[in-house]
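Student: I'll drop the sequence and a predicted model, then ask my questions.
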Amino acid sequence: LDWWHADRYCEQHFAQLLFEPQDSEQDSFSKLLQSHHIRGSVWLKERDGVLHKLKRRRGHSVPVLVFRDKTDTKYVKVLSDFPALPAVTACAHLQWDTRTQEIATIFSYAVPAFMNEFQLRGFVDEEGFVRFALIVHGHHSPYLPVFRADGQWHHFCVTWQQENGTWAIYADGKRRASASGLCAAGPSAPQAIYGQGTFIIGQDQDSLGGTFRAKESFSGNITDLHIWQRVLGTEQIEQVRSCWVIEQDLVFGWSSDTLELESTVQTVTTQLLCPGPVEECRVLEVGSSGFSYASCLQPLPFICQYRKDAYWQLKRAQLESSHSLVSHVNRLAVRTVIPDSVFTSDVQDMNLSVALGALDVLAMVLREGEMSMLEPSDLLAVLQLLKQVSDMEVQEGDDLEMLEQLGQYYMEVTELILEEQNIGTWSSVSQVIRGPMAVVELCDRMVSLLVPLLTAERTKITVQHRNIGLRRVMVKNLWFGYGALQRCLSSTAMSQHVAASNGGHKYVSTTVGTALISSTLLGDHQEISTSVRYRLQHRAQNEIPFMPWPSVEVGGNFRVFFLVLLHVSPDAGGMWSTAGCSVVTSLRDSTACFCNHTTNFAILLQVYEMQQRTTKEEFTLQTLTFIGCGVSFCALIITFILFLVVRVPKSERTTVHKNLIFALAAGEALLMFSELARSNQVMCFLVTAFLHLFFMAAFSWMLVEGLLLWSKVVAVNMSEDRRMKFYYVTGWGLPVLIVGVTLATSFNNYVAANHCWLNAQTNVIWAFVGPVLFILAVNTFVLLRVVMVTVSSARRRSKMLTPKSSLESQIGAQIWATAKPVLVLLPVLGLTWVCGVLVHLSIIWAYVFIVLNSLQGLYIFLVYAIYNSEVRNAIQRMKDKKKA
């Protein structure tokens with residue numbers, strides 16, 4: 001099987017795809033495989049690799065244009081009005097005819113002024129690669145290799161923008177070629193690709209819409225062509241490759257209704273299997289004991305690996321089974337719905353019709369209740385079938401009524417296997433399936449199959465059977481009746497003995513306090529991450545009042561499990577946590593919870609929306625921010641108090657230092673506790689405004705620090721009084737003006753959706769980042785000037801005081817003269833904030849940014865308090881006065 005189906009097969013059989021053998025195991029492992037006559041490559045699952053999560057690949061039915069041979073007659077015209085295109089992206093799936101090596105035109109766009117206005121051509125080189133060249137305004141890029149001419153389907157995208165003439169070619173999700181200067185804007189070139197032209201697929205136009213030549217025509221198959229009037233980024237191209245259509249700025253979308261076909265061009269509808277996000281998967285080379293990578297779509301042998309305790313429990317369940325349920329279901333279905341053994345190696349072809357028939361019969365047998373209790377082998381067989389159904393791929397054109405009925409049967413079977421009489425059975429297979437939370441995970445998967453049921457007219461789905469059900473709007477909720485899970489959870493390791501006050505022991509049992517188990521947020525059929533507020537009704541209890549603890553699991557998606565604990569892995573038992581959620585209000589009958597991703601220091605200068613980070617990365621950033629800001633805040637407060645208490649001689653410098661310290665301390669204090677305001681929209685808005693104000697003020701006072709330094713280097717004809725007034729206007733007046741104007745112009749788009757900070761999606765963030773970059777540029781110039789003056793002074797001093805000093809000592813003095821002002825001035829000039837603009841490029845920049853700037857207060861404390869001669873002299877005077 002291919003990697004995805006192999007991984008799914010093992011999981012359906014309560015195992016895992018084979019992990020990389022340890023070094024000590026490789027020789028014996030290779031001998032074992034060779035003894036079973038296994039040669040070549042075998043799929044592996046990387047222990048810490050990208051593929052540790054199940055990859056779902058999406059089937060996509062599309063009309064395909066078939067250009068069987070190179071002719072001067074076959075063409076397809078796009079019936080769409082094209083606007084002028086200052087930037088363009090064109091993507092399609094392509095199957096290249098390997099029989100010819102002549103140049104072929106994939107598409108051509110012509111306007112009266114230019115026949116070769118926009119065109120993509122290609123040919124197969126001697127090494128077996130398809131080479132593409134892009135033509136814009138008649139200017140030709142070089143032919144560059146993009147993918148192998150192997151007769152397989154390949155996805156490609158080409159992009160071009162008028163600014164700098166930047167272009168790129170992507171194939172199978174990877175950028176294969178890019179450059180600039182392809183007909184860039186200028187006096188001799190138009191400003192954009194002309195609009196209102198003729199777009200032809202499969203032929204080169206030597207006249208507008210005609211005059212084709214066979215030797216330049218395309219031979220092969222093409223489908224799923226889309227054109228946008230902007231340049232798509234790498235992540236968006238990966239989305240398009242996975243068959244998600246990006247609607248924004250779409251000029252042409254693939255549809256048979258918008259195409260005019262020449263009579264001899266054939267169209268067929270094919271099932272395009274859209275690739276997953278990972279193209280190459282790990283393999284073990286049997287015989288050489290080496291590791292390599294192979295295309296994940298390639299069918300290879302694979303091995304499922306069991307934990308020993310799980311394997312023996314499965315064997316025991318099979319040996320002790322009477323197979324009564326399995327035989328009864330298969331007899332009624334008149335086919336093998338459930339195999340006799342969970343180890344059966346046949347790969348069952350599961351589709352909607354097969355799945356519906358199987359669950360219909362199974363639900364009927366379980367409903368009749370002929371067996372008082374399920375046997376372990378029966379429970380495992382039912383779970384195996386539920387896994388297969390939830391992993392099924394719904395095809396375009398499937399009957400939606402059948403799909404909804406499948407959801408009903410699925411919920412019914414799930415509820416029936418959680419009946420009270422099956423508690424003992426769940427315990428007996430605890431090594432294979434560690435608890436009934438596995439059912440929650442399966443139901444959660446099943447909900448994802450119901451996406452096609454949601455339409456503009458039908459915005460809500462509810463599937464329910466007695467105690468178990470699911471709802472789906474933009475939020476996917478999964479809930480279980482209080483008793484359904486409680487019965488089975490009570491039998492697992494969720495109870496404990498704790499010491500009582502009288503020295504004895506009392507028995508404490510975990511109780512499910514609310515029905516909502518899982519919640520997932522969706523956007524464009526994909527799980528997204530944002531903050532959510534829930535109100536959970538309590539289960540009435542007679543003995544003691546119970547308040548459920550909310551919790552959240554944060555990863556590539558957003559998933560919340562509202563139980564006392566947090567479920568992490570359905571098959572591994574898991575653990576529970578309350579991280580990321582807070583209780584807003586807790587009443588006798590309900591609890592309101594607010595769950596979110598927390599803010600960290602790296603978002604302050606983040607200009608672009610980030611791709612979702614992992615749980616570990618988010619937690620590390622949050623922890624670094626809180627620790628760094630906490631230490632920094634304490635250091636700033638101590639420094640501020642020292643300046644006030646020890647009576648440092650008044651000067652412009654100390655006054656500017658105090659204002660900078662106050663603004664920075666206020667901003668960091670607000671940042672540390674900004675997440676507490678997220679549950680209240682008004683409070684979050686106010687916190688964002690004050691964060692904007694105080695951090696803007698901190699940077700304005702950093703600018704003042706730079707201006708003050710400049711005044712010491714360059715003579716300024718301004719009295720000290722006038723200078724201080726100017727400094728106060730700059731330090732506090734400028735931030736108030738910037739925040740006021742921003743609020744006046746962008747009141748409704750001021751706050752970001754996911755945290756209490758400025759909105760990066762609506763460019764409000766530039767009301768902070770713009771002034772900051774200007775201040776940093778000014779301060780960089782000031783620092784360079786100060787370093788030059790310091791080095792020059794040091795050189796003159798060295799010549800005067802030690803004219804005969806050695807070359808080494810002179811170089812050392814010069815280096816120290818350069819390093820000292822840099823080290824002393826970096827924190828107050830704020831130049832470490834430059835790397836904040838780069839946090840969207842890599843998680844490493846986020847870590848560097850947080851460490852440097854959350855500890856800025858500590859640096860100021862060390863340089864301007866501990867090692868400041870004025871402060872130390874003032875403290876010494878206080879000591880002398882006290883002694884006197």
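Tutor: Perfect, I can see it now.

Student: tell me what the longest helix along the chain is packed against?
Tutor: Longest helix of the chain, by residue count under DSSP state H: helix 766-801. Helices and strands touching helix 766-801, as assessed by 3 or more C-beta pairs under 8 Å, 6 or more residues apart in numbering; DSSP states H and E, comprise helix 681-713, helix 734-745, helix 807-829. All C-beta atoms are positioned from the backbone trio N, CA, C, and that covers glycine.

Student: so what's the closest residue to residue 197 other than its chain neighbours bridging to?
Tutor: Distances taken as C-beta to C-beta, 6 or more residues apart in numbering put residue 111 closest to residue 197, at 3.9 Å, once the chain neighbours are dropped. In this entry, residue 111 is beta-bridged to residue 114, by DSSP bridges.

Student: just checking, residue 111 touches residue 205?
Tutor: No: using C-beta atoms under 8 Å, residue 111 is not in contact with residue 205; the gap is 10.0 Å.

Student: Need the overlap of contacts for those two.
Tutor: Common neighbours of residue 111 and residue 205, counting by C-beta atoms under 8 Å, 6 or more residues apart in numbering, are residue 198.

Student: Can you report phi and psi for residue 314?
Tutor: Here the main-chain torsion angles of residue 314 (degrees, to the nearest 10) amount to phi -60, psi -50.

Student: contacting residues for it?
Tutor: By C-beta under 8 Å, 6+ apart, the residues touching residue 314 are 14, 306, 342-343, 380, 432.

Student: hmm, which of these are the buried ones?
Tutor: Buried residues within the contacts of residue 314, counting neighbours by 16 or more other C-beta atoms under 10 Å: 14, 306, 342, 380, 432.

Student: Using the record's domain definitions, break this protein down for me.
Tutor: The chain breaks down by the TED database into domains covering 1-56+278-305, 58-274, 307-455, 509-540+557-607, 636-877.

Student: To residue 622, which of those domains lies closest?
Tutor: The closest of these to residue 622 is domain 509-540+557-607. By C-beta to C-beta, the value is 4.8 Å.

Student: For the buried ones among the contacts of residue 314, work out which two are farthest apart.
Tutor: Maximum pairwise distance in these, criterion C-beta to C-beta, is 12.9 Å, between 306 and 380.

Student: hey, what's in contact with both of those two?
Tutor: With C-beta under 8 Å, 6+ apart, residue 306 and residue 380 have common neighbours 14, 314.

Student: any weak-confidence spans in the stretch 351-500 of the chain?
Tutor: 369-372, 396-397, 434, 456, 459, 466-500 (pLDDT under 70).

Student: rewinding a little: lowest average confidence across the domains of the chain, which one?
Tutor: Mean pLDDT is lowest for domain 509-540+557-607 out of those, coming in at a mean of 52.

Student: ok, residues contacting stretch 9-24?
Tutor: 1, 6-7, 29, 42-47, 54, 282, 284, 291, 302-306, 310, 314, 342-343, 347, 380, 384, 387-388, 391, 432-433, 571.

Student: Which positions within that stretch qualify as buried?
Tutor: By neighbour count on 16+ other C-beta under 10 Å, the buried set for stretch 9-24 is 9-18, 20-21.

Student: Likewise for stretch 300-312?
Tutor: Using 16+ other C-beta under 10 Å as the test for burial, stretch 300-312 gives 300, 302-304, 306, 310-311.

Student: farthest-separated two in those?
Tutor: Using C-beta to C-beta, the two most remote members of those are 300 and 310, lying 24.8 Å apart.

Student: Give me the phi and psi for the nearest residue to residue 724 once chain neighbours are set aside.
Tutor: The shortest distance from residue 724 to any non-neighbouring residue, by C-beta to C-beta, 6+ apart, is to residue 652 (6.5 Å). Backbone torsions for residue 652, taken as degrees, to the nearest 10, come to phi -60, psi -40.

Student: Relative to residue 221, how far out is residue 652?
Tutor: The spacing between residue 652 and residue 221, counted by C-beta to C-beta, to the nearest Å, is 75 Å.

Student: higher neighbour count, these two?
Tutor: Ranked by neighbour count (other C-beta atoms under 10 Å), residue 652 and residue 221 place residue 221 first, with 19 against 15.

Student: Which parts of the stretch 101-250 of the chain are strands?
Tutor: Remark: strands assigned in the stretch 101-250 of the chain by DSSP state E, counting those that start in this stretch are 104-111, 114-124, 129-136, 139-140, 144-148, 153-161, 166-171, 174-179, 198-201, 220-228, 250-252.

Student: Looking at these, spot the one closest to residue 398.
Tutor: Nearest to residue 398, of all the strands of the stretch 101-250 of the chain, is strand 220-228, at 20.1 Å by C-beta to C-beta.

Student: The closest one - which strands sit beside it in the sheet, and in what orientation?
Tutor: Paired neighbours of strand 220-228 in the sheet (DSSP bridges): strand 59-67 (antiparallel), strand 87-96 (antiparallel), strand 250-252 (antiparallel).

Student: Figure out which of those is closest to residue 850.
Tutor: Closest approach to residue 850 among the strands paired with strand 220-228 is made by strand 87-96 (34.7 Å; C-beta to C-beta).

Student: The closest one versus strand 144-148: what angle between them?
Tutor: Counting by axes from the mean of the first three to the mean of the last three C-alpha atoms, to 10 degrees, strand 87-96 lies at 40 degrees to strand 144-148.

Student: Going by neighbour count, list what's buried in strand 87-96.
Tutor: Buried residues in strand 87-96, counted by 16+ other C-beta under 10 Å: 87-96.

Student: quick one: that strand to chain centroid distance?
Tutor: How far strand 87-96 lies from its chain's middle: 25 Å, per C-alpha atoms, centre = their mean, to the nearest Å.

Student: ditto for stretch 305-314
Tutor: Distance, centroid of stretch 305-314 to centroid of chain: 34 Å (C-alpha atoms, centre = their mean).

Student: CA-only coordinates of that stretch in CSV, if you can.
Tutor: What follows is stretch 305-314, C-alpha atoms only, in CSV (Å, rounded to 0.1, in the frame of the first residue of the first chain):
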residue,chain,number,x,y,z
GLN,A,305,4.1,-3.5,15.0
TYR,A,306,2.3,-4.4,18.3
ARG,A,307,3.1,-3.8,21.9
LYS,A,308,3.7,-7.2,23.5
ASP,A,309,1.0,-6.8,26.1
ALA,A,310,-1.5,-5.6,23.5
TYR,A,311,-0.6,-8.4,21.1
TRP,A,312,-1.1,-11.2,23.7
GLN,A,313,-4.4,-9.7,24.9
LEU,A,314,-5.6,-9.7,21.3
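
Student: dump the residue contacts of the closest residue to residue 234 other than its chain neighbours.
Tutor: Using C-beta to C-beta, 6+ apart and skipping residues adjacent in sequence, the residue nearest residue 234 is residue 175, 6.9 Å away. Residues near residue 175 by C-beta under 8 Å, 6+ apart: 168-169, 234.

Student: can you check residue 767 too?
Tutor: 692, 738-739, 741-742, 746, 758.

Student: repeat that for 6 Å
Tutor: residue 742 (C-beta atoms under 6 Å, 6 or more residues apart in numbering).

Student: same thing with residue 663?
Tutor: By C-beta under 6 Å, 6+ apart, the contact set of residue 663 is 694, 697-698, 701.

Student: which one of these sits closest to residue 843?
Tutor: Each of the contacts of residue 663 was checked against residue 843 using C-beta to C-beta; the closest is residue 698, at 25.3 Å.

Student: you'd agree the closest one is up against residue 664?
Tutor: Yes: at 4.4 Å, residue 698 and residue 664 qualify as touching, with contact defined as C-beta atoms under 6 Å.

Student: higher neighbour count, those two?
Tutor: Higher neighbour count among residue 698 and residue 664: residue 664, with 28 against 25, using other C-beta under 10 Å.

Student: For that one, which three-state class applies?
Tutor: helix (DSSP: H, G, I helix; E, B strand; the rest coil).
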